[in-house]
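Engineer: curious how this folds, go ahead:
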Amino acid sequence: MCLHPSKSLSPLKWFDIFIVTVLMFGEFIIRSTQQFMASLSPSTLTNFAETRTNVASDGAAYSSNFTFQLMMLGITFLYLLIRNYDFKQDLYAGAGLF
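Structural biologist: Below you'll find the predicted structure:
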């Protein structure tokens, strides 16, 4: 198994799919799991000022997530280029939909 195969990689291997999934969704899977586990513990009362601060910073969080996702998309694209993935293949040929 070579990182950069000489022949173009048309279908992705199982480990390629796993790596792309981890790159694209790993951070959000971990974050949502942590939030779910935190929601299972008994909650404490939050004061009003803390709630207002959290609501005010939500817009910045969306911007940060978007920037992070664009960065991970670039890393994923770079990984597929290194793996010599065939981006020119027919999109619908392998899907069997049409």
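Engineer: for this structure, give me the ranges with low pLDDT.
Structural biologist: In the predicted model, the chain carries pLDDT under 70 at residues 1-5, 43-61, 90-98.
Engineer: can you pull out the helices in it?
Structural biologist: 14-40, 48-56, 58-82 (DSSP state H).
Engineer: helices or strands up against the first one?
Structural biologist: Meaning helix 14-40. Helix 14-40 sits against helix 58-82, with contacts defined as 3 or more CB pairs under 8 Å, 6 or more residues apart in numbering; DSSP states H and E. Yep, even glycine has a C-beta here, placed from its N, CA and C like the rest.
Engineer: may I see the buried residues of the helix it packs on?
Structural biologist: Neighbour counts over helix 58-82 (16 or more other CB atoms under 10 Å) mark 72, 76, 80 as buried.
Engineer: mind checking how far residue 40 is from residue 32?
Structural biologist: Distance of residue 40 to residue 32, given as CB to CB, to the nearest Å: 13 Å.
Engineer: quick one: which of those two has more around it?
Structural biologist: Ranked by neighbour count (other CB atoms under 10 Å), residue 40 and residue 32 place residue 32 first, with 11 against 7.
Engineer: give the contact list for the closest residue to residue 23 other than its chain neighbours.
Structural biologist: Spatial nearest neighbour of residue 23, excluding adjacent residues (CB to CB, 6 or more residues apart in numbering): residue 76 at 4.7 Å. Going by CB atoms under 8 Å, 6 or more residues apart in numbering, residue 76 touches 20, 23-24.
Engineer: dump those to CSV, plus neighbour count.
Structural biologist: Formatted as CSV, the contacts of residue 76 follow (neighbours: other CB atoms under 10 Å):
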residue, neighbour count
20, 19
23, 17
24, 15
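Engineer: residue 88: which of those residues is nearest?
Structural biologist: residue 20 (18.3 Å; CB to CB).
Engineer: distance check, the closest one against residue 79.
Structural biologist: Applying CB to CB, the value for residue 20 to residue 79 is 7 Å.
Engineer: try residue 71
Structural biologist: In terms of CB to CB, residue 71 sits 13 Å off from residue 79.
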